[in-house]
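Chemist: Fold the following for me, if possible:
(one chain, ligands or ions: 1)
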Amino acid sequence: MRQFFLIYFFLIVLALTVLGFRGCKSTKPPLEIFPDMDRQMRFSEQGKTGFFSDDRMDRTPIAGTVPTVTDEQAPYANLVPDNRFRENDYLATGKLEDGTFGDGVPVEVSYEAMQEGQEIYSIYCAICHGDSGNGKGVVAAERYGYPTIVSLLQTRLIDLPDGDIFNTITHGKNTMGPYGSKIRVEDRWKVLMYVRALQRAASATIEDVPAENRGELGL
Ligand code: HEC
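Modeler: Numbering: from 1, shown residues only. Below is the predicted model of the structure:
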């Protein structure tokens, strides 16, 4: 009987000790019976480690390494299909050798190219800049409240060099996002062609339409 009381007493003490800590906060890591590889050694980029003799975590490419991408990636990475870097070409930057924006379109200008430009423009640009380039696309201030969208038909933009507008398409500008990784190099020039066509059309008169095509306008 005495033993029973003793065991009973210790059980109560044990229960109080264990349960008494319920709700207490601890900053110590919990007891882990199976760690499941939760914690592992890792290296951060540009960090330091004693593992390599030069103490750097990043390894440098082996001497003579040539940057290369697949044919599919090439147009996005500003590489020509034979994987030659053309990062600095006018085609990829819209900039001349002295770093200023150039004028002129470095891909073939044709009616077909312009039509492709129109298609891409209507996919990527029209939601903001509007079908006609007047800056009144669906998301613009008038409808969904995007406040800073500009008209592409303003004189300032008509006067900008082609390379500058190409650069805006590639890298974006202020509140406009970049399209360099979404639209291929050649296609970005086609979009520019179409923007130029919209600008030209905005100030066109009936005199600009060849006489034989005037009937098609239904005027
Ligand atoms: C999400 C909305 C949005 C989309 C989509 C968009 N833009 Fe813009 N764009 C803007 C805004 C906002 C500005 C004004 C940026 C600023 O504050 O200077 C702008 C400015 C511009 C400018 C004038 C840059 C300058 O030098 O002032 C050009 C040119 C332009 N966009 C072309 C395009 C083309 C081409 C596309 C399609 C590839 C496109 N934008 C897609 C929002 C957009």
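Chemist: Skipping adjacent residues, who's closest to T148 in space?
Modeler: The shortest distance from T148 to any non-neighbouring residue, by Cβ to Cβ, 6 or more residues apart in numbering, is to T175 (4.6 Å). Heads up, the C-betas are built off the backbone N, CA and C, glycines and all.
Chemist: so how far is S203 from that neighbour?
Modeler: Using Cβ to Cβ, to the nearest Å, T175 is found at 27 Å from S203.
Chemist: same deal with Y121?
Modeler: Distance from Y121 to S203, by Cβ to Cβ: 19 Å.
Chemist: neighbour count winner among these two?
Modeler: More crowded of Y121 and S203, by other Cβ atoms under 10 Å: Y121, with 24 against 10.
Chemist: does that one really touch V191, like I thought?
Modeler: Yes. Using Cβ atoms under 8 Å, Y121 is in contact with V191, at 5.3 Å.
Chemist: Output the set of residues of the protein in proximity to the ligand.
Modeler: When proximity is defined as Cβ under 6 Å from any ligand atom, the chain approaches the ligand at 124-125, 127-129, 148-150, 152, 157, 160, 165, 168-169, 173-176, 179, 191, 195.
Chemist: Counting neighbours, which of those residues end up buried?
Modeler: Taking 16 or more other Cβ atoms under 10 Å as the criterion, what is buried in the residues of the chain next to the ligand is 124-125, 127-129, 149-150, 152, 157, 160, 165, 168-169, 176, 179, 191, 195.
Chemist: Can you list the residue ranges for helices in the chain?
Modeler: Under the criterion DSSP state H, helices of the chain are mapped to 2-20, 90-93, 111-124, 126-129, 155-159, 162-171, 185-202.
Chemist: roughly how far out does the longest one sit from the chain middle?
Modeler: When you say that, I think you mean helix 2-20. 65 Å (Cα atoms, centre = their mean, to the nearest Å).
Chemist: do the same with the fourth one
Modeler: Relative to its chain's centre, helix 126-129 lies at 17 Å (Cα atoms, centre = their mean).
Chemist: Only C-alpha atoms, please: export that helix in PDB.
Modeler: Output in PDB follows, covering the C-alpha atoms of helix 126-129 (Å, rounded to 0.1, in the frame of the first residue of the first chain):
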ATOM      1  CA  ALA A 126      -2.300  47.600 -76.700                       C
ATOM      2  CA  ILE A 127      -3.700  46.900 -73.200                       C
ATOM      3  CA  CYS A 128      -1.900  50.000 -72.000                       C
ATOM      4  CA  HIS A 129      -1.100  52.100 -75.000                       C
END
